[in-house]
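Enquirer: No sequence on hand, only this structure:
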């Protein structure tokens, strides 16, 4: 079966911009207190659920968030569609496992993870394919496990053309928190909290963070 066009386009886009993207956003977490606080809460919840919890960042890019979770004490790995991004993540976070993969076929056994983070990684999936992605999130999470999602709020996609001067383009799909919550619930992952913050710095839209948990029973 041939690969869907949107996956091929997303891989090509991020392979092309990987080095420039990594250099541009390497220290971005330093100026994002809300992001740090939400990731710290997630790490605390995962550790409280299981002391030897395994966590994965799904769509990890160059490993910025994966590395942060590792420094917070989690046993974490990263998965990304872009081979070049995975190379850069391995360079940035030696000792943390990274591999190439897609959100549609995660390389984990059923119930293997206590924590899963999709940090701005569902935004390139067409709306009609999102239920498949959320079903895969639910499959790999253990009962009691947590899913954390981050995304831009909105209805209209943002198209980036020739970022950093590279001859590539891609749509970034903004989402409504209510729709993301609905997708999580339909996949059997009830939402426990939702945070929306106002744009900061160069951001143009609100940013949303949704935390869901797989029921124990």
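Expert: Now that the structure is in, tell me what you want to look at. Fair warning: this is a prediction, and the values are worked out from it, not measured in the lab.
Enquirer: can you give me the offset of the longest strand seen in the chain from its chain's centre?
Expert: The longest strand of the chain (DSSP state E) is strand 141-152. When C-alpha coordinates are averaged (Cα atoms, centre = their mean, to the nearest Å), strand 141-152 and its chain have centres 10 Å apart.
Enquirer: Output the contacting helices and strands for it.
Expert: On a contact count with 3 or more Cβ pairs under 8 Å, 6 or more residues apart in numbering; DSSP states H and E, strand 141-152 meets helix 33-49, strand 113-119, helix 177-186, strand 207-213. Backbone N, C-alpha and C define where each C-beta goes, glycine included.
Enquirer: Can you tell me which of these is nearest to residue 20?
Expert: With distances scored as Cβ to Cβ, the stretch of the helices and strands packed on strand 141-152 nearest to residue 20 is strand 113-119 (19.2 Å).
Enquirer: Figure out which of the helices and strands packed on strand 141-152 is closest to residue 131.
Expert: Checking these against residue 131 by Cβ to Cβ gives helix 177-186 as the closest, at 6.4 Å.
Enquirer: model confidence over that closest one, on average?
Expert: Regarding helix 177-186, the rounded mean pLDDT is 98.
Enquirer: could you point out which element follows that helix?
Expert: strand 191-197 (DSSP states H and E).
Enquirer: contacts for that following strand?
Expert: With contacts defined as Cβ atoms under 8 Å, 6 or more residues apart in numbering, strand 191-197 is touched by 34, 38, 153, 177, 181, 184-185, 206-213.
Enquirer: Right, I'll call it a day here.
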